[in-house]
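1. My questions are about this predicted structure, shown below with the sequence.
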Amino acid sequence: MKLISVNVGLPIKVKFGNEIVTTGIFKNPVDKSINLKKLNLEGDRQADLTVHGGPDKAVYSYPYEYYDFWRKEFPDISFNWGMFGENLTTEGLFESQVNVGDRFQIGSAQLVATQPRMPCYKLGVKFGRMDIIKKFLKSEKSGIYFKVIKEGEIVINDTIKLIKKDNNNITIKNIVELITKEDKENTILMKKAVKVQDLPQGWKNYFLEKLSYSKK
C-alpha cells in the first residue's frame with residue numbers, strides 16, 4: 001500500500017445554481033513533504049465543521065483504483081487526484097479490508113481508521129451535478145476517514161504500513177452496508193459495531209437508536 005497523491009485546499013466560495021457555497025472540497029496535489037496534524041494536513045482546512053473535520057475526520061483517503069469506475073460513470077468530467085475531496089489518494093487501501101480501529105504508519109505519522117465518508121451536497125457542488133450523491137452511496141466506494149494519533153510528515157510514494165489490526169473485525173465497508181442494506185444480519189453487525197472503541201460516538205448513537213427500535 002502506498003500514497004499516490006497528497007491533496008490539500010483551503011475553503012473557497014463557489015457559485016452553485018443561485019447560491020454561493022463555501023466549501024473545502026476542492027483539493028490540489030502537492031509534491032513536497034507536508035505536515036500531518038491532529039485536525040488536518042498543513043495547508044488544508046474544512047469549511048463546515050459541524051459535519052466535516054474534527055479529530056475523527058482529520059484525514060480522508062480515497063483509492064486511485066476507483067477512478068476508472070467514475071470516469072466511465074461520468075465520461076464528460078475530467079478527473080484529477082483529489083476529485084473526491086480526499087487528502088490522500090491511495091493504492092491498495094480498501095474499505096473491505098480495513099477495520100474500524102486499524103492503525104497505520106505513513107511517513108513519520110500514525111493514523112487510525114474511524115469511519116466511511118457519507119456524501120453531502122458539497123460533492124454535488126464539486127461535480128456540478130447532484131446525482132453523484134446517490135451514485136456515490138450506492139457504489140459503496142466510500143473512502144476512509146482517519147484520526148491522527150501521531151503527527152508527522154508524509155509525502156507521495158510513502159508506504160502505508162498496517163501496524164495494528166483491530167480485532168473486532170468491523171470493516172469500513174460494514175459500516176456503509178449498515179446504511180445501504182437492510183437484512184437480518186444488520187442487528188448482529190450493529191451490536192458488534194457499537195463495541196468498537198474507535199468508532200465515533202455519533203455512529204454508535206445512531207446504531208443504538210436503530211437497535212432500540214428493532215426491539216419494539
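-> Here it is on my side, so go on. Residues are numbered from 1 along each chain as shown.

2. how about low-confidence regions in this structure?
-> 47-52, 183-185, 213-216 (pLDDT under 70).

3. Please give me every residue in contact with residue 108.
-> Taking C-beta atoms under 8 Å, 6 or more residues apart in numbering, we find residue 108 in contact with 150, 152-154. C-beta: built from backbone N, CA, C; applies to glycine.

4. So which of those is the closest to residue 170?
-> residue 150 (23.1 Å; C-beta to C-beta).

5. quick one: the strands in the chain?
-> Shown for the chain, the strands assigned by DSSP state E span residues 2-8, 12-16, 19-23, 28-30, 34-36, 59-63, 88-91, 103-106, 109-116, 144-150, 152-154, 160-164.

6. For residue 43, which of those strands is the nearest?
-> Closest among those, using C-beta to C-beta: strand 2-8, at 4.3 Å.

7. Residues touching that closest one, excluding its own?
-> By C-beta under 8 Å, 6+ apart, strand 2-8 touches 27-30, 34, 41-44, 64, 81-82, 86-92, 106, 154-160.

8. Out of those residues, which end up buried?
-> 27, 30, 34, 41, 44, 64, 81-82, 86-90, 106, 154, 156, 158, 160 (16 or more other C-beta atoms under 10 Å).

9. Generate a PyMOL selection restricted to the buried entries among the contacts of residue 108.
-> Listed next is the PyMOL selection for buried residues among the contacts of residue 108, using 16+ other C-beta under 10 Å:
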select buried, resi 152+154
